[in-house]
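**Student:** 3D model of this:
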Amino acid sequence: MEQKQNIPTEMPGPDEHADQTEQPTKLDPMEALDPNNQPKNPKNKIKIFWMIVIIVLLLLLVLGVVFYFVLSDRDGTAGIFGSKDKSEEQTQEQQTEQTEEATKVDLSQYDGKVLKITSDKDNIEGKVWLTYDSEDDSLKAQFHALLTADLPVNGTCGGSVEGATGCQDMIRHEYAQKTISQKNSSNSFGVFLYPVLCNKTKQLDKSEWDTKFEIYGAKACGIDTHSQEKTSTFLIWGQIYYDSYEKILGLYDVTVYDSSQYWIETTKTKPEGLADDPEGSRTFELESEKSIVPENKVSDYVMEFKE
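**Tutor:** Just a heads-up that it's a prediction; the model follows:
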């Protein structure tokens, strides 16, 4: 019988084993899309971590620099890159002043201008005279208007029988008035509300401004100062200063206040006043402006200054 010889199979060499071990395992294309099946490299994770740390530190550094310059410029004199040059600031201020001067209106052109005073209820009528003040570069508005209102006799002439003759031209209508611009409350004037006893439709000229009380008062009208004279016409008057012509035009609130309890005796401080009042032995003065407080309000009206 023929014996079969076992031919030894050739064994792979050590190099061949190494090649088989290092050869990467082939993945299915669909499996390669799964991150869990991809080979992991710890060194890449470390690199990414340090990159993130460096980026965060850089951001913090930049934010710190920005906040430093912003917070250190609270007075507005420094920019992001340092303080402004003073010469640059002066130049900007000069340019601003020149621009303002170029656009500034010459108020002197309104000197002598006369405005009208009216009201929607037709119970106020008058005039406004404008005068330019060169020292303050402003306009003075002297206003005069006749108010038709049913204000009762409320006077006390100081609350004394002896001082009753001291009423004289007031004839016991003791009220104050305050005129306030609706555009700007700082443009206002408070004064005694003068009763008009005659010439009740007369509108004054500017030349008569200083004699207005003589034109409307008891003596000019030939009225007995001891009587309880009643009138429904009163003089709204005053003067207000403005820094622009436009501020003068517009609506004004006129509020009337009861001043009858604001008399003070001046017999000792002004004895010379007795010479003007020989029938009385005491003199009194009405502090009407002090009565301009909310609790003394009687009525209010609206008038308009217009061209």
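**Student:** where does the stretch 101-250 of the chain have low pLDDT?
**Tutor:** Along the stretch 101-250 of the chain, the parts satisfying pLDDT under 70 run over 101-103, 158-171, 225-228.
**Student:** Would you check that my belief about Lys183 contacting Gly250 is correct?
**Tutor:** Yes - if you go by C-beta atoms under 8 Å, Lys183 and Gly250 touch, sitting 5.1 Å apart. C-beta: built from backbone N, CA, C; applies to glycine.
**Student:** Just the strands from the stretch 101-250 of the chain, written as ranges.
**Tutor:** 114-118, 124-133, 138-148, 175-181, 188-192, 194-195, 233-242, 250-258 (DSSP state E, counting those that start in this stretch).
**Student:** Redo these as CSV? Include distance to Glu265 and mean neighbour count.
**Tutor:** CSV is the format used below for those (distance: least, C-beta to C-beta, whole Å; neighbours: other C-beta atoms under 10 Å):
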stretch, distance to Glu265, mean neighbour count
strand 114-118, 37, 15
strand 124-133, 34, 18
strand 138-148, 30, 20
strand 175-181, 19, 22
strand 188-192, 18, 18
strand 194-195, 22, 23
strand 233-242, 26, 19
strand 250-258, 20, 19
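**Student:** Could you export these as CSV, including distance to Phe67?
**Tutor:** Converted to CSV, the strands of the stretch 101-250 of the chain look like this (distance: least, C-beta to C-beta, whole Å):
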stretch, distance to Phe67
strand 114-118, 57
strand 124-133, 51
strand 138-148, 47
strand 175-181, 47
strand 188-192, 48
strand 194-195, 66
strand 233-242, 47
strand 250-258, 48
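**Student:** start to end distance for stretch 190-200?
**Tutor:** 22 Å (C-alpha to C-alpha, to the nearest Å).
**Student:** Enumerate every residue touching the residue nearest to Lys290 when sequence neighbours are not counted.
**Tutor:** Closest residue to Lys290 apart from its sequence neighbours, by C-beta to C-beta, 6 or more residues apart in numbering: Tyr262 at 5.3 Å. Counting by C-beta atoms under 8 Å, 6 or more residues apart in numbering, Tyr262 touches Leu286, Glu287, Ser288, Lys290, Ser291.
**Student:** Quick check: the first one touching Trp263?
**Tutor:** Yes - under the criterion of C-beta under 8 Å, Leu286 makes contact with Trp263 at 5.5 Å.
**Student:** What's the local residue count around Leu57?
**Tutor:** 10 (other C-beta atoms under 10 Å).
**Student:** For it, pull up the helix or strand it's in.
**Tutor:** Element membership for Leu57, per DSSP states H and E: helix 42-71.
**Student:** And Val191, how far from Phe213?
**Tutor:** To Phe213, Val191 is 12 Å away according to C-beta to C-beta, to the nearest Å.
**Student:** swap that for Phe189, sorry
**Tutor:** Phe189 is 17 Å from Phe213, by C-beta to C-beta.
**Student:** and if you look at Ile52?
**Tutor:** 89 Å.
**Student:** Look at those two and report which has more neighbours.
**Tutor:** Phe213 (16 against 10).
**Student:** I figured that one hits Val196, correct?
**Tutor:** No - with contact defined as C-beta under 8 Å, Phe213 does not count as touching Val196 (10.0 Å).
**Student:** Trp209 - how many residues pack around it?
**Tutor:** Trp209, neighbours per other C-beta under 10 Å, totals 13.
**Student:** Show me what counts as buried in stretch 51-62.
**Tutor:** When neighbours are counted by 16 or more other C-beta atoms under 10 Å, no buried residue of stretch 51-62 is found.
**Student:** end to end, how far does stretch 199-219 reach?
**Tutor:** 12 Å.
**Student:** outside of it, which residues touch it?
**Tutor:** Contacts for stretch 199-219 (C-beta under 8 Å, 6+ apart): 114, 125-127, 129, 142, 144, 146, 168-169, 171, 194-198, 220-221, 224-225, 229, 231, 233, 235, 237.
**Student:** List the buried residues for it?
**Tutor:** Asn199, Leu204, Lys212, Phe213, Tyr216, Gly217, Ala218.
**Student:** Leaving out chain neighbours, which residue sits closest to Glu289?
**Tutor:** Gly190 is the one closest to Glu289 (C-beta to C-beta, 6+ apart), at 5.3 Å.
**Student:** Isn't the one you found up against Ile292?
**Tutor:** Yes - Gly190 lies in contact with Ile292 (C-beta under 8 Å); the separation is 4.8 Å.
**Student:** Quick check: neighbours shared by those two?
**Tutor:** Ala176, Lys178.
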